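**Q** Structure of the sequence below:
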Amino acid sequence: MRLAFLSACCLPALLAAAPAAANKVFVSNERGNTVTVLDSETWAVIEEFDAGNRPRGITISPDGALLYVCASDDDTVRVFDTETYEELYTLPSGPDPELFVLHPSGSPLYIANEDDNLVTVVDTESHTVEAEVPVGVEPEGMAISPDTRWVVNTSETTNMAHFIDTGDYAIKHNVLVDQRPRYAEFTDDGKTLFVTSEIGGTVSVIDMKGDAPELVHKIEFEVPGVLPEWLQPVGAKVTSDGKWLFVALGPANRIAVIDTESYEVVKYILVGQRVWQLAFTPDEEYLLTTNGNSNDITVIDVAAQEAIKSVPVGQQPWGVVVAPD
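**A** Below is the predicted model of the structure:
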């Protein structure tokens, strides 16, 4: 009896000491036409499977069961089982889908169609198009506000962030940003939106607390020994507490670490060549970067703000997503 009592008492401590379960990491390889799957505990490659022609944008359903991939040159979104890697079906997407964002409920999927100047809204359950929203020229970046009121699209040539009302799919606001906006990222509280501008070399800070979104600041970058034209902000991720913004700087091969209170860059982290997109592990212990020209991902320790590992993947990795817990 005493032994059983001691075992029961010790059980919570043993469970607390157990290592966290690994998550699958999915990387779309734009030129290799594949998705690479890694284990987030060992960083070993588990699998690589065909994903259509020019896979770029990539995301996972809230329950972790489905993987959505923008097969840009196939003009479709391919949907895979995250356990078997079997392609289950495709979704209509409009021409040249590049990036998308999934509603937190799992439907709909909001897709940027670069060649057609549209955002296509797709019901992921009925596999039908709900709406097509005309936006600016060369739409790319997509984000949904935490309260799901707004879907934001960035148009590369029009140089705007378009705020689409999810109730009626009408554009209610437009905010002019710098040249070639690539990515949009909300803070978890929905009070701030960050928009990266690749050619402009800046990140626009947009205040969402008022009646209309307001551009309040632009973050600039300077790295000793790196030409200014190489400082090209693309992918971005902000920590859930809103304190740190990480921005991929493309051919500068750096991740900028930004204090969101002061908007100051506190550090540049050297990663692989032509860093593109970013993803956190669910516990935010690690940040992963896709490095298109070195065909690898970099694993960054978020607390230490240091790169700790490089892992080869497929040819020209573009997007990355980590399965939820």
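
**Q** Quick one: residues contacting Lys172.
**A** Taking C-beta atoms under 8 Å, 6 or more residues apart in numbering, we find Lys172 in contact with Phe163, Ile164, Asp165. Just so you know, the C-beta spots here come from the backbone N, C-alpha and C atoms, and that holds for glycine as well.

**Q** Low-confidence regions, this structure specifically.
**A** Along the chain, segments meeting pLDDT under 70 span 1-21.

**Q** now do 50
**A** The chain contains residues with pLDDT under 50 at 1-19.

**Q** need the helices for it, in chain order.
**A** Taking DSSP state H as the criterion, the chain carries its helices at 2-17.

**Q** so how many other residues sit close to Val151?
**A** Number of residues near Val151 (other C-beta atoms under 10 Å) recorded here: 24.

**Q** what pairs with the closest residue to it other than its chain neighbours across the strands?
**A** Closest residue to Val151 apart from its sequence neighbours, by C-beta to C-beta, 6 or more residues apart in numbering: Ile164 at 4.5 Å. Here Ile164 shows beta-bridge partners Val151, Ile171, assigned using DSSP bridges.

**Q** Out of the contacts of Lys172, which is nearest to Ser197?
**A** Ranked by distance to Ser197 (C-beta to C-beta), the contacts of Lys172 are led by Phe163 at 17.0 Å.

**Q** The closest one and Glu214 touch, don't they?
**A** No: Phe163 is not in contact with Glu214 according to C-beta atoms under 8 Å; the separation is 11.6 Å.

**Q** Just want to know which of the two has more residues nearby.
**A** Using other C-beta under 10 Å as the criterion, Phe163 and Glu214 rank with Phe163 on top: 22 against 13.

**Q** what's the closest non-adjacent residue to that one?
**A** Using C-beta to C-beta, 6+ apart, the nearest residue to Phe163 is His173, at 4.0 Å.

**Q** who touches that neighbour in this structure?
**A** His173 neighbours (C-beta under 8 Å, 6+ apart): His162, Phe163, Ala212, Pro213.

**Q** Now with 6 Å, please.
**A** Contacts for His173 (C-beta atoms under 6 Å, 6 or more residues apart in numbering) come out as Phe163, Ala212, Pro213.

**Q** which residues sit in contact with the last one?
**A** Same thing as Pro213. His173, Val175, Ile206.

**Q** And the first one, how close does it get to Trp150?
**A** Looking back up the chat, that one is His173. His173 sits 8 Å away from Trp150, going by C-beta to C-beta, to the nearest Å.

**Q** Please apply the same query to the last one.
**A** Summarising the geometry, the distance separating Ile206 from Trp150, computed by C-beta to C-beta, is 11 Å.

**Q** just the strands in the stretch 51-200 of the chain please.
**A** For the stretch 51-200 of the chain, applying DSSP state E, counting those that start in this stretch gives strands covering 55-60, 66-71, 76-81, 87-92, 97-102, 109-113, 118-123, 128-134, 139-144, 150-155, 160-165, 171-176, 181-186, 192-197.

**Q** Now render those as a markdown table, adding distance to Val257.
**A** What follows is the strands of the stretch 51-200 of the chain, written out as a markdown table (distance: least, C-beta to C-beta, whole Å):
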| stretch | distance to Val257 |
| --- | --- |
| strand 55-60 | 24 |
| strand 66-71 | 28 |
| strand 76-81 | 33 |
| strand 87-92 | 36 |
| strand 97-102 | 23 |
| strand 109-113 | 27 |
| strand 118-123 | 31 |
| strand 128-134 | 34 |
| strand 139-144 | 20 |
| strand 150-155 | 22 |
| strand 160-165 | 23 |
| strand 171-176 | 25 |
| strand 181-186 | 14 |
| strand 192-197 | 13 |
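
**Q** Out of these, flag the one nearest Val234.
**A** Set against Val234 and scored by C-beta to C-beta, the strands of the stretch 51-200 of the chain come closest in strand 181-186, at 4.7 Å.

**Q** Give the partner strands of the closest one in its sheet and their orientations.
**A** strand 192-197 (antiparallel).

**Q** tilt between the strand it pairs with and strand 139-144?
**A** Interaxial angle of strand 192-197 relative to strand 139-144 (axes from the mean of the first three to the mean of the last three C-alpha atoms, to 10 degrees): 170 degrees.

**Q** now strand 192-197 against strand 171-176, angle please.
**A** If you take the same axes, to 10 degrees, strand 192-197 sits at 60 degrees to strand 171-176.

**Q** Please tell me how far strand 192-197 is from the chain's geometric centre.
**A** Centre-to-centre, strand 192-197 and its host chain are 13 Å apart (C-alpha atoms, centre = their mean, to the nearest Å).

**Q** what does it contact?
**A** Contacts for strand 192-197 (C-beta under 6 Å, 6+ apart): 154, 161, 177-186, 203-204, 206, 208, 233-234, 236.

**Q** same thing with stretch 57-68?
**A** The contact list for stretch 57-68 (C-beta under 6 Å, 6+ apart) reads 26, 28, 69-70, 77, 79-80, 82, 98-100, 102, 106, 319, 321, 323-324.

**Q** cutoff 7 Å now
**A** Stretch 57-68 has contacts (C-beta atoms under 7 Å, 6 or more residues apart in numbering) with 26, 28, 69-70, 77, 79-80, 82, 97-100, 102, 104, 106, 109, 319, 321, 323-324.
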